[in-house]
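Visitor: here are the coordinates; sequence isn't available:
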């Protein structure tokens, strides 16, 4: 993976599952960041209502390649 | 979230998935604790039998609001 | 759980979910290690392609009982 | 400090400062727990509104002595 | 270990040894909590007087099964 | 808190107090980031001159909601 | 270091050494970020081929001063 | 300690004390691993029955020298 | 900051606030150590009496430059 | 515990037990440091010979009160 | 990286540099393990003699693919 | 390594490399401390100027044997 990479930290949410929260976070990050390459799960938490999980919240770091400005 | 909150640490179990273990833990905690508000995943482990997951065990901290005793 | 146990660290992968990655890792470890007893999740990460999770990667420690050599 | 002690985890809040959040948490815990003895700061966070701190949230562990049931 | 478990954090003390501090903490916790199941050592510290250990202090988490209220 | 959130890491400084360092960091971050939502304290340090604190430095993570590009 | 600072997380790579990976990461970050001030090493890893290090990968946090928008 | 070393992670058990659990783990590991050199305590836990410690469980990493295959 | 630095770990106390505890620790350390340069907060705890903070205790690492012995 | 405290980090050794290693470290530290007050266990490790523990090594932080120079 | 991977923990040594210690560890591990894929640096330490580094010691985790036994 | 050991925490600096920063720290510590025995790397950071590393800063713990005062 030659080159330099940047990581940004995001939190995805889902009322369904941890996996959906991860997928949602990555899909939203991909709207503005190109070349997303890998992710690392940092923290898992959520909110509760009436004795059930209302929302899963997963904190991720996602990495992508820094593009070099066109030279010339 | 004005007020004071208490956290208790619980371990939920499920033979199906991590998400079910979380749901089970919260549902059981809600039998005796009112106003559960949020949870934080602390640890994920489990038992194995015959090369398959027998049981998922998820340690959580769940937070709820301390109710003030009625004044007067 | 009298006796002595050994832990080995493995990484399971799946394109479907974290739970499948755990199941895959344990199934593959069970091909060569007898008596797998428990697992602990150490790290969760994965790869991304086109704004979606390409592969979940879950690092586990799995524990099994050290068998004593037959005496006599 | 002979004897056995118990710790409970609480989160105090204040719109003014970290110190007020600690004081509030301890005062509220003291309504139901006798003999609070010491505290340990576990986490400091808060909410933001309009570019200012709306609320400080401090997670504490507070320790108190387990009273033995009267014997006889 | 099907079911849901709760953990409480306690500190045991002993002038003799770390093991005695653990035993003391568990014995005291067992006065009010039924079905204690396992413990995890969190921290070991102590006090000193005249160049000798005056008291060992061991912080533990002890886990026990949440009993479901009788149904019916 | 449905939606996806981003966290950025900043260090605020103040010659007065930890709380001022937090307030300064958040006020400066709010100049360029809209919708700041919460913060987490990561590290507290500072510089010393002549036996007194010259400057408090507080490292924070601040979270804000990712706005979706207008659709249509 | 009065003012407010931002940190970004980057991963630098080099086939030669850890120090080259750090230098490469900082040089690439400096293409788009002005006033880089300090770095903190977060993680060191790499890839292996044929029993030799193929590539060193060093994760860094780099800090730089937030410039205030010109006033007036 | 020139040369290359390997560490393996084991859990020793004892109904008597933490020290016995460590000794048991090392004695069992020594049945199959030559040249055990040092150990590091990673985790201490155990099981409880009737308000007493039933079994101490100590997780260790033990290091030993990798022997080079005879050359020639 | 060319040269070599030493860090010492101290605990400051104050009945007023965390900031006062930090200031007190640094002022006392400065009585015997010259050239104190920076500090890092390691731990915050305190004692409680009658439901109020009796004393804040802040553990710090403070760094100072090692002076080279006069040569010649 | 009004006043300012200093901590020093030491490693005690014993061929007998962890507790002896702690006691030895504190007794040796007390030869040169007055007013030792408390200790915190940081790390436990040791050396192995012939499948048995040769030496327990316990890393501690020990705290003592900084004495103010006589004034006047 | 579809498939299942195993990690082993090794310590490499070198009198020259950290990089040489990493290279030595990997070269020695590659004598008995096929398909080494990546490494993670866990700990860096060393021994000192006469005020100079005598030996660098680097603890690594190295990962390699578990080969499936030939089927059929 | 029978006996009791003390650790001190130091930060070495170098404009050249991490290894030089370690060597510089140990050489400077050896001016006032006899019998330096081992070191542990705690933290690696540095300063940046003009997109290049200006100075590497490595925090170490160095251990040395406490000498017993001559008896008699």
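Guide: Perfect, I can see it now. On a predicted model such as this, the values are computed, not experimentally measured, just so you know.
Visitor: What segments of chain A are helices?
Guide: Under the criterion DSSP state H, chain A contains helices at A:18-29.
Visitor: pLDDT weak spots in it?
Guide: A:69-72 (pLDDT under 70).
Visitor: Do a quick rundown of the strands in it.
Guide: A:5-14, A:36-49, A:52-65 (DSSP state E).
Visitor: got the ones you listed as JSON lines, with distance to chain G columns?
Guide: C-beta coordinates here come from the backbone N, C-alpha and C atoms, glycine included. Converted to JSON lines, the strands of chain A look like this (distance: least, CB to the nearest CB, whole Å):
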{"stretch": "strand A:5-14", "distance to chain G": "4"}
{"stretch": "strand A:36-49", "distance to chain G": "10"}
{"stretch": "strand A:52-65", "distance to chain G": "7"}
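Visitor: so how far is residue I:10 from residue A:9?
Guide: According to CB to CB, to the nearest Å, residue A:9 and residue I:10 sit 33 Å apart.
Visitor: Does residue A:21 touch residue A:14 like I think?
Guide: Yes - contact status for residue A:21 versus residue A:14: in contact at 4.0 Å, counting by CB atoms under 8 Å.
Visitor: Which neighbours do the two have in common?
Guide: Common neighbours of residue A:21 and residue A:14, using CB atoms under 8 Å, 6 or more residues apart in numbering or on different chains, are residue A:56.
Visitor: Settle it for me: which of the two has more neighbours?
Guide: Taking other CB atoms under 10 Å in any protein chain shown, residue A:21 and residue A:14 do not tie; residue A:21 has more neighbours (25 against 20).
Visitor: Now for the closest residue to chain I within chain A, how many residues are close by?
Guide: With CB to the nearest CB, the shortest gap between chain A and chain I falls at residue A:43, namely 21.5 Å. Using other CB under 10 Å, residue A:43 has 13 other residues around it.
Visitor: can you pull the contacts of it?
Guide: Here residue A:43 is in contact with A:58-59, B:40-41 (CB under 8 Å, 6+ apart).
Visitor: Adding distance to chain J, write those residues out as JSON lines.
Guide: Output for these, formatted as JSON lines (distance: CB to the nearest CB, whole Å):
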{"residue": "A:58", "distance to chain J": "33"}
{"residue": "A:59", "distance to chain J": "29"}
{"residue": "B:40", "distance to chain J": "26"}
{"residue": "B:41", "distance to chain J": "27"}
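Visitor: Among the residues you listed, which one has the most neighbours?
Guide: Top of the contacts of residue A:43 by neighbour count (other CB under 10 Å): residue A:58, with 27 neighbours.
Visitor: nearest spatial neighbour of the one residue in chain A that gets nearest to chain G, skipping sequence neighbours?
Guide: Chain A approaches chain G most closely through residue A:4 (3.7 Å), counting by CB to the nearest CB. Take residue A:4 and drop its neighbours on the chain: the residue closest to it by CB to CB, 6 or more residues apart in numbering or on different chains is residue G:28, 3.7 Å away.
Visitor: Now residue A:34, what are its backbone angles?
Guide: phi -90, psi 160 (degrees, to the nearest 10).
Visitor: Run a quick neighbour tally on it.
Guide: 9.
Visitor: residues touching it, list them.
Guide: Per CB under 8 Å, 6+ apart, neighbours of residue A:34: A:64, A:67.
Visitor: gap between it and residue H:45?
Guide: For residue A:34 relative to residue H:45 (CB to CB), the value is 46 Å.
Visitor: try residue A:42
Guide: Distance from residue A:42 to residue H:45, by CB to CB: 26 Å.
Visitor: more neighbours, the two?
Guide: Shown here are residue A:42 and residue H:45; by other CB under 10 Å, residue H:45 has more neighbours (17 against 14).
Visitor: Show me what the nearest residue to the more buried one once chain neighbours are set aside bridges to in the sheet.
Guide: Residue nearest to residue H:45 in three dimensions, not counting chain neighbours: residue E:40, with 4.5 Å by CB to CB, 6+ apart. Counting by DSSP bridges, residue E:40 forms beta bridges with residue E:61, residue H:45.
Visitor: I figured residue E:40 hits residue E:61, correct?
Guide: Yes - in this structure residue E:40 lies within contact range of residue E:61 using CB under 8 Å: 4.6 Å.
Visitor: Chain B contacts on chain A?
Guide: Along chain A, the residues adjacent to chain B under the rule CB under 8 Å from any CB of the partner chain are A:17-18, A:43-48, A:50-53.
Visitor: tell me the contacts of the residue of chain A found nearest chain F?
Guide: Nearest residue of chain A to chain F (CB to the nearest CB) works out as residue A:28 at 3.7 Å. Applying CB under 8 Å, 6+ apart to residue A:28 gives the contacts A:10, A:12, F:3-4, F:66, F:68.
Visitor: Kindly report the same for residue A:36.
Guide: A:26, A:29-30, A:62-64, C:48, C:51.
Visitor: Leaving out chain neighbours, which residue sits closest to it?
Guide: Nearest one to residue A:36, counting by CB to CB, 6+ apart, is residue C:48 at 4.4 Å.
Visitor: The residue of chain A found nearest chain B: how many residues sit nearby?
Guide: When scored by CB to the nearest CB, chain A has residue A:51 as its residue closest to chain B, at 3.2 Å. Neighbour count for residue A:51, taken as other CB under 10 Å: 15.
Visitor: Hmm, it is touching residue B:27, no?
Guide: Yes - with contact defined as CB under 8 Å, residue A:51 reaches residue B:27; the gap is 5.4 Å.
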